[in-house]
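Novice: Structure for this input, please:
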Amino acid sequence: QVQLVESGGGLVQAGGSLRLSCAASGRLFTGYWMGWFRQAPGKERNFVATISWSFGNAMYADSVKGRFTISRDNAKSTVYLQMNSLKPEDTAVYYCAVARGVTVKWNEYDYWGQGTQVTVSS
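Specialist: Below you'll find the predicted structure:
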């Protein structure tokens, strides 16, 4: 069992930056991937980024490549999402999640945090 708690969301102007954190408790095994998803009101949950817990290699959605960076601190059992050059269309609730392998599909993630709101004003 893994518990996830996100933090770091807020209100920011377009062009600004935010860093989200996701603290994990419980055991993270080799082969686990930690991902970020986002969901805007009335829209489906979309993949943002994911990172290998063991090796640190990452994947990104095309919409955030070059602007967002996912990273992890194994000692702190925490994954981060650094978001730069934010746009109004980045506004959503951001969720972190854990999967047992590499995947961009939300329904293949087993554990989820409660989400944190990110609002980007124009």
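Novice: give the contact list for the residue sitting nearest the centre point of the chain.
Specialist: For the chain, the residue whose C-alpha lies nearest the mean C-alpha position (CA atoms, centre = their mean) is W36; its distance is 2.3 Å. Contact partners of W36, counting by CB atoms under 8 Å, 6 or more residues apart in numbering, are 20, 22, 48-50, 70, 79, 81, 94-97. Placement of C-beta: from N, CA and C, glycine included.
Novice: Give me the sheet partners of whichever helix or strand it is part of and which way each runs.
Specialist: With secondary structure defined by DSSP states H and E, W36 is part of strand 33-39. Strand partners for strand 33-39, identified by DSSP bridges, are recorded as strand 46-52 (antiparallel), strand 92-99 (antiparallel).
Novice: on that earlier part again, tell me the most packed of the contacts of W36, by neighbour count.
Specialist: With neighbours taken as other CB atoms under 10 Å, the top of those is C96, carrying 31 neighbours.
Novice: wait, what's in contact with that one?
Specialist: Taking CB under 8 Å, 6+ apart, we find C96 in contact with 4, 6, 20, 22, 34-37, 79, 81, 112-113.
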